[in-house]
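Undergrad: Need a 3D model of the sequence below.
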Amino acid sequence: MESTPARLSPRPLWVARHHLGAFRPPDCIRLRDAKARSSKPSLLASSGAMLAVGDFTIQYSYTVSREMGVQFVDVTGDANEIHRTTDIVAGALTASKVILPLEVLFPTLRITEIKVKFTNFCRYGRRCCASFQVRLAQDSQVRIEVRVYQEHEPVAECSVTGVALAETPRSSRLGERRVEEAELKLVRDFFDSCNIDSEAYFQKDGFRDYTYPFAYVASLPSAALVRELHGQGGMLNVLTMQFADAEKIPIGPQAPPQVRIQEGRKRSAFTRIITDIIDGVVTYYKGSAIVNPDSGML
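TA: As a prediction, this is how the structure comes out:
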């Protein structure tokens, strides 16, 4: 009689608990464990940090001021005037408010893909709430579903997939002397526009991580669409990025990451834009965006 294979437990996901303070007021972020009072909680205390060994949720409440929104589009190069002359928040900023907290809180999470579907405009000065459902699978895969609301109205639906690693990746370490200071300042300004302390990202366990966060890279295609396709006043409907197994791009002396775009399928309801994030001759990440041609994006 064949024996039944032992049931494997999900690989724990390390939570940098002290990084909870990286979210500046009036923003507020909380991790919640539905099994906290049971004999098998999902979040365990571990010498100044936490270990996630099962499913849990995150509630992230935040407000985007006009000053933050304008700083964000200045940093990312988005020339769409609606983010400066009206109260409409850039869709890429809404996406960044989903991706960046994951990169700050979970240094051992290797994000492999994100998909964001925008259902409504987000507006300056109004309270938003992002609700994360984090699920840990037996194969070390992490699946996160996120819904973003503004004053109880749905704004975006997001899905993030990744892998829980055994330790914080160190393969892309870059010596401080080789860091491109102008680009580093740009990334720090990006964090400021998201109202998050950049040190919580750069300072890893025992080393400095001078790489571009995925949230920053994922914000570049939207700006490129406006810049290269001369779009003004348009709405981004869907943004997808695949990071696969590529290392993060170092903030080094080489040229900053660039976006290469090409038009894909055209239909009466939408146009699909193919995007590649390149650094020199190397293609790091791939993605696509869906825009509404009736909105004036194209």
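Undergrad: how close does the closest residue to Tyr201 other than its chain neighbours sit to Asp27?
TA: Leaving aside its chain neighbours, Tyr201 sits nearest to Val104 (5.4 Å; criterion: C-beta to C-beta, 6 or more residues apart in numbering). From N, CA and C alone the C-beta is placed, and that goes for glycine too. The gap separating Val104 from Asp27 is 12 Å, by C-beta to C-beta, to the nearest Å.
Undergrad: what do these two both touch?
TA: Between them, Val104 and Asp27 share these contacting residues under C-beta atoms under 8 Å, 6 or more residues apart in numbering: Ile196.
Undergrad: Contact partners for the residue nearest to Tyr201?
TA: Ala16, His19, Ala22, Ile196, Ala200, Tyr201.
Undergrad: ok but it is inside a strand, no?
TA: No - counting by DSSP: H, G, I helix; E, B strand; the rest coil, Val104 falls outside a strand, being helix.
Undergrad: That one and Ala79, how far apart?
TA: Val104 is 28 Å from Ala79, by C-beta to C-beta.
Undergrad: follow-up on the earlier one: top of the contacts of Val104 by number of neighbours, please.
TA: Counting neighbours by other C-beta atoms under 10 Å, Ile196 leads the contacts of Val104 with 26 neighbours.
Undergrad: Kindly state the beta-bridge partners for that residue.
TA: For Ile196, the beta-bridge assignment (DSSP bridges) gives partners Phe23.
Undergrad: go on, Gln242?
TA: Counting by DSSP bridges, Gln242 forms beta bridges with Glu113, Lys286.
Undergrad: which residues touch it?
TA: Gln242 touches Thr112, Glu113, Tyr285, Lys286, Gly287, counting by C-beta under 8 Å, 6+ apart.
Undergrad: my guess is the last one meets Ser219, correct?
TA: No - under the criterion of C-beta atoms under 8 Å, Gly287 makes no contact with Ser219, lying 11.4 Å away.
Undergrad: More neighbours: these two, which one.
TA: Ser219 (28 against 23).
Undergrad: thinking the more buried one is in contact with Ser96, fair?
TA: Yes - at 5.6 Å, Ser219 counts as touching Ser96 under the criterion of C-beta under 8 Å.
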